[in-house]
Structures are given as structure tokens and as C-alpha cells.
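Q: Requesting a structural model of the entry that follows:
(chains A and B)
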Amino acid sequence: MDWDLVWSSFGPLITGAVTGTIPLTLASFAFGLVLALVVALLRLSPNWLLAGIGRFYVSVIRGTPLLVQLFVIFYGLPSMGIKLDPWPSAIIAFSLNVGGYAAEIIRAAILSVPKGQWEAGHTIGMSRPQTLLRIILPQAARVSVPPLSNTFISLVKDTSLASLILVTELFRNAQQIAAFSQEFMALYLQAALVYWVICLVLSTAQSAVERRLDRYVAH
Amino acid sequence: MSPTNHSSSPSVLKARNLAKAFGSNTVLKDIDIDIHRGQVVALIGPSGSGKTTVLRCLNGLETPDGGTVTFGGTGVDGDSSAGLSIDFAAKVGKKDVAELRDRSAMVFQHYNLFPHMTVLKNIIEGPVQVQKRPRSEAIAEAERLLERVGLADKRDAYPFELSGGQQQRVGIVRALALKPQLLLFDEPTSALDPELVGDVLGVIKELAEEGWTMVIVTHELAFARNVADEVIFMDGGVVVERGPAAEVLRAPRQERTKLFVKRLQHDV
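A: Numbering: from 1, shown residues only, chains lettered A, B, ... in the order given. Predicted structure coming up:
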């Protein structure tokens, strides 16, 4: 094995993570969460049409492969006259995907807050949106951190699929160096290592967030 | 305090013919309630009799299918406000329900404090976020009320750090801070350990002496006899008997009331 090559490859891999994987993950997760909240509220709506739209969305997103969603947006849409660059395509696809999965988490978390909390909000004069925002969501947030962290960590690794629509990120850099140096094993293991380190950092962050949100619960 | 005659005081609440059914199950039928300023009304009756539903209808947590609720004009602290009348047979809008809620404040059986907020934040949430009162004023008021119920030192505690009795006293303060015309208590001591019941009943009794207008759903007959001006006994969704506390609890006229009072006193 060419150790010099291995060492010098970490540079481009980490650059790929910092300029590709991480911003792609952050942007998609942020948009995805907003979308997820909207979809969760649709699903919880007493209006059957709105609830149906939410259910349909979740069903489509969870029932089709992420790679297919990515290809539909990047390679499919141009035939309908909608041409998107790799980055916007990737962010849209990942956001839509996160939106579907996280919607179910947020919906379950909202439902896990006791009904008495809604009533207490109403009895101090709050409207439904006000109660949701100030009373219910802060409590739902605590419950949803562990499953949302799962979604987040999955997303970090799923962004490697963006290499297939030409986004320059960690894995695409690994593939290119591997192709030209023929050191496939070394480069792919190195890529795996960088993903792993990112996820380790995220797990630590998750614990910190959980500890912070647990401060108002009996231990 | 001996129960006094409040019928000459201004009317706070007049409910007529309240009716409510869940599906084919009738839970309230033809309920009339009159409450005058400073009056304490105790709602008693076996579980499932509809007494909690009455309370929840008055606070807009349930919408009656029929009947009317009329609130009189003036708040307990003297600031005048217009009257409010809602006919539940007609379509009741969000705005009506919101206005109904502004009139009263509920103290729940299971306290329902906001677990993610400190005691102080629980109390000032309504005054600051809903009533838009200045934060500093709301804090000062909350501290004064906490002092009164002996919980000044718990200002920055989270609800989970308090005993049931302390949580319920915070629940009462949260309701008081809204300065409602009418206080509603839904079995305020039923979830408490027996040794904590006294503290909470003591606070409610003081409020009665101070002249707050209250409706209390309770199983504590001795307390009702002590504090309530009027007792309403419900069973099967209807009012079976009503009258001055001493009469209804000491010498009930109706067979069902006699049985209920006897059974509860046996338990004690």
C-alpha cells in the first residue's frame, strides 16, 4: 500500500466533508425539519383532506428509495423543462426525504404530550397555535431528540448518494482518488473512517442536547 | 366563615339549560346554575354524574350542545368589562369560546402545570403572553401570590421538584394571576396524598373568605359544608338537589342525595 498516498488523501476527504457533506446535511436537515413540522400538523389536522395530503406525502417518501427520489429530481425533471444544478437537486431531494421521516417522529412526539397540557394552555387563554408553539412543541422536542438524531445521523451517510449526481463531497473525492490511484480498499476505508468520526461527534452532541432538555424531568 | 347570602350581589354567571351528549350518551341535561359575586358553589355527586363536564363547559373546554351561558359585567378586581352571552344552540365561534375562557380560570385535578417552565414562568405565562401585561408587573404579582401560599422559595423550581400539594398551590396561583371573574376547581385535592390535602383546602378557604367567586367540584363534603354557600348535587347528568350547604349536606331531601352523603361520610 502507498502510505504517502493514504496520508495525503485525508486532505481532500476532509475538504469534501467540510465543503460538501456537512453543509449538505445541515441545509437539508434544517429545511427538512420545517417541512416535517408542516406535514406533521397536516396529519394531525381534523380536516380529512389536509390529513390525507399529509398521509399521502409520508407514504410516497417512505415508500420509494432515496436514490430514486434523487434521480427523479436531477435526471428526471430536466425532461419537463426543470433543470437544476447538482447542489439544489441534492438539497431538495434530501429535504423532502427528511421531511417525510421526521414528520412521523414529530407527530408522535406531539401526541405524546398529555391532553391536559393543551387544556392548561387553553384555560390561561391561549389559542391553539399559541399553545402548540409555547406549551406543546417544547415538550415534544424533548421526546423527539433521540429519534431525530437517528434521522440526522442517517442523513450524514445518505449524502454520499449525492456523489451520483455529481455533487463534490466526501465520497466523490474518495472515488476519484481511488479510481486514479487504484487504492480502492484504502480510500473507501478512509472515507468510512471520516463518516464515522462525524457521526461520533454528532452522538456526543446528541447526549448534550438530551441532557439540556432533560433538566425539567425527574431523574 | 359562615355562608352568607349573596343573592343580592351582582350576578357573575348565569347558565341555563346546559345540555351535552357524547354520541348517544347524554352527560348533561337541563343544567341551570346561578352564581353571584363572592359566592362559593360546590358541585358534588358520584363519578360520572356530569359535574366535571359542567365545569369544563363553563370554561369552554367542552362545548355544550345547547343552553346559554351569560357572564355579568364586572371583574373581581373592579375593572369593568362588558357582559358576555353565548347561546350554544347556535353556532359557537372560536371568538366566543376565547371570550368565555377569559372570564374564568381552571384549577385541574392533576395540576397540569407546564413541566418545561419554572414555577414563576408557569404563573406569568398567561398574564404576559395572553393578557399582554408588562412582564415586571406580572412577576411582582406572581411573587406576591407565591408568598401568600407559602411558596416564595420555589419561584425558580421546576414542577417535578415540588410535592403534589405544592404543585396544586402553584396551579391555584396560576389561575389567580389571570384575575378571572370566576375560579373553577376540578377536584383539586383528589390526586393528593391525604396529608397534603389540608394545605390546598386551606388556600381555597382563604380565597373564599377574600371574596373570590368559585365553583368547586369536590368529594370533600366537610370542606363543602365549611366553605360553600350553595351545594349542587348532581347524578346522571341532572341536578338532583340544590340549596344552602348546611341544608343539602345535613338534611338532604332527595333519596339519592341522602344515599350519596351517607356513603361518603361512611368513608371518612
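
Q: In contact with whichever residue of chain A sits closest to chain B, which residues?
A: Chain A approaches chain B most closely through A:Ile124 (3.3 Å), counting by Cβ to the nearest Cβ. Quick note: C-beta positions are derived from backbone N, CA and C, even for glycine. A:Ile124 makes contacts with B:105, B:125-126, B:130, B:174, B:178, as judged by Cβ atoms under 8 Å, 6 or more residues apart in numbering or on different chains.

Q: any low-confidence regions in the chain?
A: This is for chain A. A:219 (pLDDT under 70).

Q: could you do chain B instead?
A: Applying pLDDT under 70 to chain B flags residues B:1-5, B:74-81, B:266-268.

Q: Smallest distance to chain A belongs to which residue of it?
A: For chain B, Cβ to the nearest Cβ, closest residue to chain A: B:Gly126, 3.3 Å.

Q: the strands in chain B, which residues?
A: B:11-22, B:25-36, B:40-44, B:66-71, B:84-87, B:104-107, B:182-186, B:214-217, B:230-235, B:238-244 (DSSP state E).

Q: got it, and chain A?
A: Counting by DSSP E, chain A contains no strands.

Q: Name the residues of it found near chain B, please.
A: Residues of chain A lying close to chain B (Cβ under 8 Å from any Cβ of the partner chain) are A:114, A:116-117, A:119-120, A:122-127, A:130, A:134-135, A:138-139, A:142, A:215-218.

Q: one more time with 7 Å
A: Proximity of chain A to chain B is confined to A:116-117, A:119-120, A:122-127, A:130, A:134-135, A:138-139, A:216-218 under the rule Cβ under 7 Å from any Cβ of the partner chain.

Q: Quick check, central residue of the chain?
A: Went with chain A since none was named. The centroid of chain A falls nearest to A:Phe29 when counting by Cα atoms, centre = their mean (4.0 Å).

Q: if you could check chain B rather than the one you did, that'd help
A: B:Leu184 (1.3 Å).

Q: In contact with it, which residues are there?
A: Neighbour list for B:Leu184: B:55, B:58-59, B:104-107, B:215 [criterion: Cβ atoms under 7 Å, 6 or more residues apart in numbering or on different chains].

Q: Quick one: the helices in the stretch 51-200 of chain B, in order.
A: B:51-58, B:94-103, B:119-125, B:135-148, B:164-176, B:194-210 (DSSP state H, counting those that start in this stretch).

Q: Pull the number of nearby residues for B:Thr63.
A: Applying other Cβ atoms under 10 Å in any protein chain shown, we find 14 residues neighbouring B:Thr63.

Q: Phi first, then psi, for B:Gln109.
A: Here is the backbone geometry of B:Gln109 (degrees, to the nearest 10): phi -60, psi -40.

Q: what does chain B put close to chain A?
A: B:59, B:61, B:98, B:101-102, B:105-106, B:108, B:110, B:112, B:114-116, B:125-126, B:129-131, B:158, B:160, B:174, B:178.

Q: and if we set it to 6 Å?
A: B:59, B:61, B:101-102, B:106, B:110, B:112, B:114-116, B:126, B:130, B:158, B:160 (Cβ under 6 Å from any Cβ of the partner chain).

Q: Show me which of the residues you listed are buried.
A: B:59, B:61, B:101-102, B:106, B:110, B:112, B:114-116, B:126, B:130, B:158 (16 or more other Cβ atoms under 10 Å in any protein chain shown).

Q: Most widely separated two among the residues you listed?
A: Pairwise distances across those peak at 27.9 Å for B:Asp102 and B:Tyr158 (criterion: Cβ to Cβ).

Q: residues contacting A:Ile153?
A: A:199, A:202 (Cβ atoms under 6 Å, 6 or more residues apart in numbering or on different chains).

Q: Recalculate using a threshold of 10 Å.
A: Counting by Cβ atoms under 10 Å, 6 or more residues apart in numbering or on different chains, A:Ile153 touches A:25, A:195, A:198-200, A:202-203, A:206.
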